[in-house]
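*Asks:* need a 3D model of the following:
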Amino acid sequence: MKKTLITLIYSSLSLLVLVYLFKLMSWPGLADLSKGVFWLHVGSYLGYSFFVNPKDDRIIYPLILLVGSIAFNTFQIEVGLWFTYVVFGLLWIYVSFHLLIKNYLATSNIPFLTPLNYLAIILFGLAGIFKMNHLAFTDTLFVSGSASLCFLLILAGITKGIERKKMNK
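*Replies:* Next up is the predicted model:
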């Protein structure tokens, strides 16, 4: 059950990044998908917190961000343009937290993932900065950064908890 919930958490986070890409690129077909993916992510975290023992105490940080975003949506708080920067920064931190902490939710011992995770997070961060400042090659950079981040999130979710076999001679 733990492995399934961890994979679901990372896969739904990957879909959230994809929904964010659709929203920033102003592609149609997003409204219902974004709500569904968001609640899938919230539900997977709630499932993890209820059914997995012993729990990772650090799940409180993502849950605080999720509750805050639910409060913004529920109370329909009016925000300005600055909120776009805040949302991107929080998403970037949130995804970085999931990818860069090797022992979050389960241990990840795949050595080639760490440099790829750093590269994808840097690419996604640069893409967001380029997009907000309306610089050249923004769309290509943002699509490639989001796609690489989505792929690595799914890969991290699948490989969390897999122990590498050491060959003894």
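*Asks:* packing partners of the helix or strand containing S96?
*Replies:* Counting by DSSP states H and E, the secondary-structure element that holds S96 is helix 82-100. For helix 82-100, the elements it packs on are helix 2-25, helix 60-75, helix 113-132, helix 138-159, judged by 3 or more C-beta pairs under 8 Å, 6 or more residues apart in numbering; DSSP states H and E. Any C-beta I mention is one placed from the backbone N, CA and C, and that applies to glycine too.
*Asks:* make CSV out of those and add distance to V87.
*Replies:* Compiled in CSV, the helices and strands packed on helix 82-100 are given as follows (distance: least, C-beta to C-beta, whole Å):
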stretch, distance to V87
helix 2-25, 8
helix 60-75, 8
helix 113-132, 10
helix 138-159, 14
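*Asks:* residues contacting L152?
*Replies:* L152 makes contacts with 99, 113, 116-117, 120, as judged by C-beta atoms under 8 Å, 6 or more residues apart in numbering.
*Asks:* could you find the lowest-pLDDT member of the residues you listed?
*Replies:* Minimum pLDDT across these is recorded for L113, with 79.
*Asks:* ok, that one to G36 distance?
*Replies:* Counting by C-beta to C-beta, to the nearest Å, the separation of L113 from G36 is 28 Å.
*Asks:* more neighbours, these two?
*Replies:* Neighbour totals were compared for L113 and G36, and L113 leads with 17 against 13 (other C-beta atoms under 10 Å).
*Asks:* on that earlier part again, V42: which of the helices and strands packed on helix 82-100 is closest?
*Replies:* Counting by C-beta to C-beta, V42 lies closest to helix 60-75 out of these; the figure is 5.4 Å.
*Asks:* correct me, but M1 touches V52?
*Replies:* Yes. Using C-beta atoms under 8 Å, M1 is in contact with V52, at 6.9 Å.
*Asks:* out of these two, which sits in the more crowded spot?
*Replies:* Comparing M1 with V52 by other C-beta under 10 Å, the one with more neighbours is V52, at 17 against 9.
*Asks:* with adjacent residues omitted, what lies nearest to the more buried one?
*Replies:* Leaving out its chain neighbours, the residue that sits closest to V52 by C-beta to C-beta, 6 or more residues apart in numbering is K2, at 4.8 Å.
*Asks:* so who does the one you found touch?
*Replies:* Applying C-beta under 8 Å, 6+ apart, one finds that K2 lies in contact with 48, 51-52, 106, 161.
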